[in-house]
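Enquirer: below: sequence and its predicted model.
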Amino acid sequence: MKKDRVKKAFLEQLRKIPIIAVSCEKIGVSRNSVYKWRNKDPSFKEEMDTALLEGEALINDMSESQLLSLIQEKNWSAISFWLRHRNPKFRERVEVTATVQSAQEELNPEQEEIVRRALRLAALIQHDKSNKQSGDVVPGHSDGDVKGS
């Protein structure tokens, strides 16, 4: 089938250049088609993931090789890059100094009243639930309705 040949060619291209859009363009297939195949065919999805990993490994190897060549040519940027990323002594450091203050502000009278009412309501609700379980009725409340105070 033509579709199988196109899929195979796409995967080969992806191993060389692990960028889906570029591989699609080189083969002449739409990204939409590739993603449809990927969503419908679990084995294609697995092959595509593997091809991407292989392609990334190839690019990483080529990049390291180029970097080492530049280092041998005494390219300062390449030397600095290598040292910053491979040697802990040369890593960029950020020093942060800060003063942390834990400020506990006093509640104003209105806020204190809100907290008191909430605690009172929470206690009533808890009291009401425990009474319902035991079959008792809370005086002043019908069927567990809790009225605000």
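Expert: Now that the structure is in, tell me what you want to look at. Numbers count the residues shown, from 1 in each chain.

Enquirer: contacting residues for the residue nearest to Gln13 when sequence neighbours are not counted?
Expert: Counting by CB to CB, 6 or more residues apart in numbering, Gln13 lies nearest to Ser23, which is 4.1 Å off, once chain neighbours are set aside. Any C-beta I mention is one placed from the backbone N, CA and C, and that applies to glycine too. By CB atoms under 8 Å, 6 or more residues apart in numbering, the contact set of Ser23 is Phe10, Gln13, Leu14, Lys16, Ile17.

Enquirer: so which of those residues is the most crowded?
Expert: In terms of neighbours by other CB atoms under 10 Å, these top out with Leu14 at 26 neighbours.

Enquirer: just the element for that one, please.
Expert: Here Leu14 sits within helix 2-16, counting by DSSP states H and E.

Enquirer: so for that helix, what gets flagged as buried?
Expert: Buried positions in helix 2-16, judged by neighbour count with 16 or more other CB atoms under 10 Å: Val6, Lys7, Phe10, Leu11, Gln13, Leu14, Arg15.
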